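# sequence first, then the predicted structure, then my questions.
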Amino acid sequence: MKVLAVGTYTERNAPHVTAKQELGEGIYLYSWREDGRGEELLHLEKLVNPSYFEFCGRRMFAVSERENHAVLAEYMLETTGGKINLKRLGGLCLEGAASCHIELCGETGMLFLSDYGSGDLKVIDVRKGGEPRLLREFYFEGRGVRQDRQEASHIHSCCAFERKLYAADLGGDKIYQFEMGEEGLEGLRTIPARVGAGPRHMQARQENGVVTLYVINELDCTVSVYQEQDGKGMCEIQWIPLLGQKREKNMLAADLRLSRDGFLYASVRGSNRIYVLKIEQDGRLCLIQEQENSGEWTRSICMDPAQKYLIAANQISGTLTVFERINGRLLGPVRNIRTPVPVKVTVQEVEES
């Protein structure tokens with residue numbers, strides 16, 4: 001069976017929550033059918049501001065985004081007779097602020113937790129179910145040109161790929177590259193981003209032996225392409241503005257997703273559009289579509305396991321918008337699902353227990 005999982009903001013002081021909108025209550029689990037419908041609520045797990053989560057089989061790890069400490073919660077997804085339950089296994093409460101992203105590396109059994117507010121990266125051992133263990137914390141220094149958003153380091157996300165880990169520092173306009181060894185992370189290198197770009201989320205792929213890193217930049221609403229250059233390490237070889245002349249001051253790039261057939265999908269809060277980019281043979285990008293979205297303040301986006309549909313979480317309008325994918329392009333919307341303050345969405349396929 002397939003489950004549509006949605007994380008919501010539950011507090012009025014969470015980022016960009018408006019004064020009048022209905023607040024969420026935690027993690028919502030809906031049914032998901034092949035026709036793109038997913039409106040039946042199966043389970044609600046109450047948790048403060050679960051703004052990001054990841055599945056590892058039946059296990060789910062979620063962050064509780066708070067300003068005064070970092071919280072990681074671990075659950076087991078139980079499915080019996082069409083019914084679903086999230087059973088709390090354990091978790092960690094750590095020093096830190098505004099935890100906002102989780103990256104899981106199944107090969108190493110490590111979880112990487114990004115703390116936006118305190119600008120640190122936590123390495124957590126999750127090999128033993130229900131007993132996550134903090135292994136190491138990395139702290140970064142630096143600032144960018146935007147005094148309102150880049151006054152200090154702000155680690156926004158990580159991307160694990162081919163035994164390397166990339167960490168995006170929105171505040172410092174940097175991407176940190178680590179090697180993943182038996183003892184954790186080592187071999188730190190720094191990849192500079194463009195001044196004022198504000199790297200946020202990343203995707204990576206390998207084609208013909210070449211690794212390409214794609215980065216969506218929150219502050220200037222662009223997508224950057226990085227590849228290894230002889231003797232220079234990872235360098236930006238292309239950047240594409242998503243908004244052109246339509247950019248307004250309050251627009252902020254949000255999420256980036258990579259399809260198996262060579263397309264990237266990007267969301268920008270405030271533009272009410274999903275941007276479709278085609279990956280060329282050399283890894284560079286071409287913007288091929290700007291799909292109108294009926295929802296407001298589009299944040300997280302995802303695809304179903306078959307990648308037939310793309311789902312967009314619209315934070316301010318309190319909706320999930322479902323689009324159909326045909327030859328990479330988006331059609332629709334074909335469905336809207338009401339959910340209060342959705343900020344993270346994914347579709348997970350699970351076998352019945």
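Structure's in. What do you need? Residues are numbered from 1 along each chain as shown.
# in stretch 109-119, what's buried?
For stretch 109-119, the neighbour count (16 or more other Cβ atoms under 10 Å) marks Met110, Leu111, Phe112, Leu113, Ser114, Asp115, Tyr116, Gly117, Ser118, Gly119 as buried. Yep, even glycine has a C-beta here, placed from its N, CA and C like the rest.
# what do you get for stretch 217-234?
Residues of stretch 217-234 classed as buried by neighbour count (16+ other Cβ under 10 Å): Asn217, Glu218, Leu219, Asp220, Cys221, Thr222, Val223, Ser224, Val225, Tyr226, Gln227, Met234.
# okay if I get those residues as CSV plus distance to Tyr9, secondary structure and pLDDT?
What follows is the buried residues of stretch 217-234, written out as CSV (distance: Cβ to Cβ, whole Å; DSSP: H, G, I helix; E, B strand; the rest coil; pLDDT from 0 to 100):
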residue, distance to Tyr9, secondary structure, pLDDT
Asn217, 23, strand, 98
Glu218, 18, coil, 98
Leu219, 21, coil, 97
Asp220, 25, coil, 96
Cys221, 22, coil, 97
Thr222, 26, strand, 97
Val223, 26, strand, 98
Ser224, 28, strand, 98
Val225, 32, strand, 98
Tyr226, 31, strand, 98
Gln227, 36, strand, 97
Met234, 34, strand, 94
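# phi, psi of Gly209?
As for Gly209, its main-chain torsions (degrees, to the nearest 10) stand at phi 80, psi 0.
# now it: how far from Phe178?
Distance from Gly209 to Phe178, counting by Cβ to Cβ, to the nearest Å: 21 Å.
# pick out whichever of the two has more residues nearby.
Between Gly209 and Phe178, Phe178 has the larger neighbour count (other Cβ atoms under 10 Å), namely 22 against 5.
# who's in contact with Leu310?
Residues in contact with Leu310 (Cβ atoms under 8 Å, 6 or more residues apart in numbering) are Arg257, Tyr265, Ile274, Ile301, Cys302, Met303, Val322, Phe323, Arg325, Leu330.
# burial of the nearest residue to the fifth one once chain neighbours are set aside, as a residue count?
Pointing back at Cys302 there. Of all residues beyond its chain neighbours, the one nearest Cys302 is Thr346 (4.7 Å), with distances taken as Cβ to Cβ, 6 or more residues apart in numbering. Residues contacting Thr346 under the criterion other Cβ under 10 Å number 21.
# I figured Thr346 hits Ala5, correct?
Yes. In terms of Cβ atoms under 8 Å, Thr346 counts as a neighbour of Ala5; the distance is 5.4 Å.
# mutual contacts of these two, please.
In contact with both Thr346 and Ala5: Phe53, Phe55, using Cβ under 8 Å, 6+ apart.
# and the contacts of stretch 105-114?
For stretch 105-114, the external contacting residues (Cβ under 8 Å, 6+ apart) are 54, 56, 61, 63, 70, 72, 96, 99-104, 121-127, 132, 135, 155-158, 160, 163, 165, 167, 180, 184.
# which ones among those map onto helices?
Judged by DSSP state H, the contacts of stretch 105-114 include no members of helices.
# buried ones only from those residues, please, as a ChimeraX command.
To isolate the buried ones among these in ChimeraX, judged by 16+ other Cβ under 10 Å, type:
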select :54,61,63,70,72,96,99,100,101,102,103,104,121,122,123,124,125,126,132,155,156,157,158,160,165,167,180,184
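# where does pLDDT dip in the stretch 1-150 of the chain?
Scanning the stretch 1-150 of the chain with the threshold set as pLDDT under 70 gives 36-38.
# all strands of it, in order?
Secondary structure of the stretch 1-150 of the chain (DSSP state E, counting those that start in this stretch): strands at 2-8, 26-32, 41-46, 52-56, 59-65, 70-80, 83-94, 99-105, 110-115, 120-125, 133-139.
# neighbouring strands for the fifth one, and are they parallel or not?
By that I understand strand 59-65. strand 52-56 (antiparallel), strand 70-80 (antiparallel) (DSSP bridges).
# that strand to strand 41-46, inter-axis angle?
50 degrees (axes from the mean of the first three to the mean of the last three Cα atoms, to 10 degrees).
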